[in-house]
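[1] With the input below, show me the fold.
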Amino acid sequence: MNQSSAIQTEGLSKHYGEVRALQDLDLDIARGEVFGYLGPNGAGKTTTIRTLLDQIRPTSGSAFILGRDVHEQAVEIRRHLGYVPDDLTMYPDLTGHDTLTYFANLRGGVDWAYVDRLAERLHSDLSRKVGDLSSGNRQKVGLIQAFMNRPEVLIMDEPSSGLDPLVQAEFQQMIREVAAEGTTVFLSSHTLSEVQRVADRVGILRNSRLVTVESVAGLRSKAMRRVEFEFASPVEADVFEGVPGARDVSVQDHRVTLSYEGRMDALLQAATGRYEVVDLLTEEADLEEIFLTYYREEEQPTGADDGRVEVIA
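    Model prediction:
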């Protein structure tokens, strides 16, 4: 167990009979890191979160939050934790303020001036009953309850569900701010553009297994991108032969277009070694394109249904 880690798992697995919902998960997430957790429905994302929160017990393996065993020290962990589930369940007859008061009391009190600032930033009307709110406005209440106790670790499962673009942008800024203050954020999301904007690293699940953990920049540097060169003189197509990662090379007089996977230095050396480059355009792959490369040949996931979870205090 690494005491400097915020979240750590070792061989974490969850089986339902012969169905493997999560298999041999090894994670080590640093304090103050924003970690994006990606995968389609059934890949094991919510199973991971429910295991970390001690809502379900693993079949094998171990998990720690802030150096504490997630089962043996679950109550202590929750004092330092903020959580947004993938499907909020709140009392419909309570107002947003009453709902937050309920959670604040369970946590031993909060700074209500901070709560008011969060509500203002998210444009949340806390005077209305939760049952009268749209799904997006209920989500705002859920976000406020997760942030309001200034947790050391935030675990969020599809937190942007139902939020309009302006509120999403404000929420992303909130993530950046708390991370800068040392909060660790574990962000499970289908909104890949959001993960790309805020995450330091991402983990991608496929068929209940973690297939890669890398920085966003590292993933993008390896991904396929479209590259277009303009040269000062006509170019022979063989200039790019033998360059690893170069595909679909098309030459038209002074102009060359190709698809390229890998670091740009090898491609640039090949291009400038024999010809004068006048212009260069490149369309960098975004996280959505990278994510899809892991699923081009994917069959139906074998993991169990992730299920639904409720807000915990």
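
[2] Would you map the helices across the stretch 101-250 of the chain?
    112-121, 135-147, 165-180, 192-198, 216-222 (DSSP state H, counting those that start in this stretch).

[3] Which helix or strand in this structure has the lowest average pLDDT?
    helix 287-293 (a mean of 71; mean pLDDT, DSSP states H and E).

[4] which of the residues in that helix are buried?
    Residues 287, 290-291 are the ones in helix 287-293 that count as buried (16 or more other C-beta atoms under 10 Å). Backbone N, C-alpha and C define where each C-beta goes, glycine included.

[5] by contact count, what packs against that helix?
    If you count contacts as 3 or more C-beta pairs under 8 Å, 6 or more residues apart in numbering; DSSP states H and E, helix 287-293 packs onto helix 192-198, helix 216-222.

[6] just these: most buried one?
    Using mean count of other C-beta atoms under 10 Å, the stretch among the helices and strands packed on helix 287-293 with the greatest mean number of neighbours is helix 192-198 (a mean of 19).

[7] mind saving the C-alpha coords of that helix as PDB?
    Extracted in PDB, the C-alpha atoms of helix 192-198 (Å, rounded to 0.1, in the frame of the first residue of the first chain):
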ATOM      1  CA  LEU A 192     -15.000  12.500 -23.400                       C
ATOM      2  CA  SER A 193     -14.500  16.200 -24.200                       C
ATOM      3  CA  GLU A 194     -15.000  17.000 -20.400                       C
ATOM      4  CA  VAL A 195     -12.400  14.400 -19.400                       C
ATOM      5  CA  GLN A 196     -10.000  15.700 -22.000                       C
ATOM      6  CA  ARG A 197     -10.300  19.200 -20.600                       C
ATOM      7  CA  VAL A 198      -9.800  18.400 -16.900                       C
END
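
[8] Can you tell me who the most centrally placed residue in the chain pairs with across the strands?
    The structure's the chain has its C-alpha centroid closest to residue 36; by C-alpha atoms, centre = their mean the separation is 2.2 Å. Beta-bridge partners for residue 36, by DSSP bridges, are residue 187, residue 202.

[9] does it really touch residue 197, like I thought?
    No. Assessed by C-beta atoms under 8 Å, residue 36 is found out of contact with residue 197, at 9.9 Å.

[10] ok, residue 229 - contacts?
    With contact set as C-beta atoms under 8 Å, 6 or more residues apart in numbering, residue 229 has these partners: 235, 255-257, 271, 277, 279-280.

[11] Mind jotting down where the strands sit in this structure?
    Taking DSSP state E as the criterion, the chain contains strands spanning 5-16, 19-30, 34-38, 60-65, 68-69, 81-84, 153-157, 184-188, 201-206, 209-215, 224-231, 246-252, 255-261, 277-283.

[12] now for those strands, which one comes closest to residue 132?
    Residue 132 lies closest to strand 81-84 among the strands of the chain, at 20.7 Å (C-beta to C-beta).

[13] Neighbouring strands of the closest one in the sheet, and parallel or not?
    As assigned by DSSP bridges, strand 81-84 forms pairs with strand 153-157 (parallel).

[14] In CSV, list the C-alpha atoms belonging to the partner strand.
    Written as CSV, here are the backbone C-alpha positions of strand 153-157 (Å, rounded to 0.1, in the frame of the first residue of the first chain):
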residue,chain,number,x,y,z
VAL,A,153,-11.3,12.8,-2.6
LEU,A,154,-14.2,13.4,-5.0
ILE,A,155,-15.6,10.3,-6.8
MET,A,156,-18.1,11.2,-9.5
ASP,A,157,-20.0,8.9,-11.8
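
[15] and for that strand, what are the contacting residues?
    Defining contact as C-beta under 8 Å, 6+ apart, one finds that strand 153-157 is touched by 6-7, 45-46, 49, 52-53, 65-66, 80-86, 146-147, 175, 178, 183-189, 309.

[16] try stretch 117-137
    90-97, 99-100, 138, 140-141, 143-144, 147-148, 161-164, 167, 170-171, 174.

[17] which parts of that stretch are buried?
    Buried residues in stretch 117-137 (16+ other C-beta under 10 Å): 118-119, 121-122, 124, 126, 130, 133, 136-137.

[18] How far does that stretch stretch from one end to the other?
    Stretch 117-137 has an end-to-end distance of 16 Å (C-alpha to C-alpha, to the nearest Å).

[19] For it, the averaged confidence score.
    The predicted model assigns stretch 117-137 a mean pLDDT of 96.

[20] and what of stretch 160-171?
    pLDDT averaged over stretch 160-171 gives 93.

[21] Now residue 76: closest residue in space, sequence neighbours ignored.
    Nearest non-adjacent residue to residue 76, counting by C-beta to C-beta, 6 or more residues apart in numbering: residue 68, 6.0 Å away.

[22] what's the spacing between the one you found and residue 16?
    According to C-beta to C-beta, to the nearest Å, residue 68 stands 26 Å off from residue 16.

[23] now do residue 257
    Distance of residue 257 to residue 16, computed by C-beta to C-beta: 49 Å.

[24] Residue 108 now?
    36 Å.
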